[in-house]
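S.K.: Sharing a model that was predicted from the sequence below.
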Amino acid sequence: MPVLEYGPPITLAEARRVADAAFDEAQRNGWAMVIAVHDSTGHAVVLHKMDHAQYASLDLAHAKARTATHFKRPTKVFEEAITQGGMALRLLSATGICLFEGGLPLVRDGRLVGGIGVSGASSEQDTQVALAGARALEA
């Protein structure tokens with residue numbers, strides 16, 4: 001598998017498109033969520049906090065986006081590793097890893113340009129909303 005290289009940071013216009021598509025998906029399903037889009041350096045570009053989203057989701061959405069960006073992989077990878085136990089439990093001592101599903105790298109032209117993190121519903125629903133956002137970057 002080739003190494004995923006970092007690319008130029010996602011632009012504000014692109015980040016808005018990603019966040020808006022994710023917001024629309026959450027709204028269609030009646031989920032109150034927080035959506036964070038970070039650039040390729042792991043810094044926040046756009047944040048949507050929907051009305052009545054739980055406050056804990058603010059930190060979690062950022063943590064998911066940052067993890068997806070810094071580790072170049074979906075946060076689901078870490079969630080699945082932890083559930084297997086054994087040597088994967090070493091992840092619990094790592095700094096800066098969010099172990100919850102719902103964070104995805106954002107890729108343009110084969111290079112990582114940012115990450116999206118979504119929190120507020122179940123892990124699968126968080127990922128569903130993040131996927132809707134990620135697909136908007138590809139469009």
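M.R.: Arrived safely. Numbers count the residues shown, from 1 in each chain.
S.K.: Ile10 and Thr41, how far apart?
M.R.: According to C-beta to C-beta, to the nearest Å, Ile10 stands 10 Å off from Thr41. Just so you know, the C-beta spots here come from the backbone N, C-alpha and C atoms, and that holds for glycine as well.
S.K.: more crowded one of the two?
M.R.: Legend: neighbour count by other C-beta atoms under 10 Å for Ile10 and Thr41, higher for Ile10 (26 against 12).
S.K.: ok, for the more buried one, nearest residue in space, not its chain neighbours?
M.R.: Gly114 (3.8 Å; C-beta to C-beta, 6 or more residues apart in numbering).
S.K.: Just say helix, strand or coil for that neighbour.
M.R.: strand (DSSP: H, G, I helix; E, B strand; the rest coil).
S.K.: What residues does it make contact with?
M.R.: Contacts for Gly114 (C-beta atoms under 8 Å, 6 or more residues apart in numbering) come out as 9-10, 15, 18, 37-40, 45, 65, 69, 105-106.
S.K.: so what pLDDT did it get?
M.R.: Reading off the confidence values, Gly114 has pLDDT 98.
S.K.: you'd agree Val98 is in a helix?
M.R.: Not Val; residue 98 is Cys. No. Applying three-state DSSP, one finds Cys98 to be coil, outside a helix.
S.K.: quick one: low-confidence parts of this protein?
M.R.: Residue ranges of the chain with pLDDT under 70: 1.
S.K.: Which parts of this protein are helices?
M.R.: All helices of the chain, identified by DSSP state H, fall at 12-29, 56-71, 76-84, 123-138.
S.K.: In TSV: these, plus mean neighbour count and distance to Lys49.
M.R.: Compiled in TSV, the helices of the chain are given as follows (neighbours: other C-beta atoms under 10 Å; distance: least, C-beta to C-beta, whole Å):
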stretch	mean neighbour count	distance to Lys49
helix 12-29	19	10
helix 56-71	23	6
helix 76-84	16	23
helix 123-138	21	13
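S.K.: Take the ones you listed and lay them out in TSV including distance to Arg90.
M.R.: TSV is the format used below for the helices of the chain (distance: least, C-beta to C-beta, whole Å):
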stretch	distance to Arg90
helix 12-29	32
helix 56-71	14
helix 76-84	9
helix 123-138	21
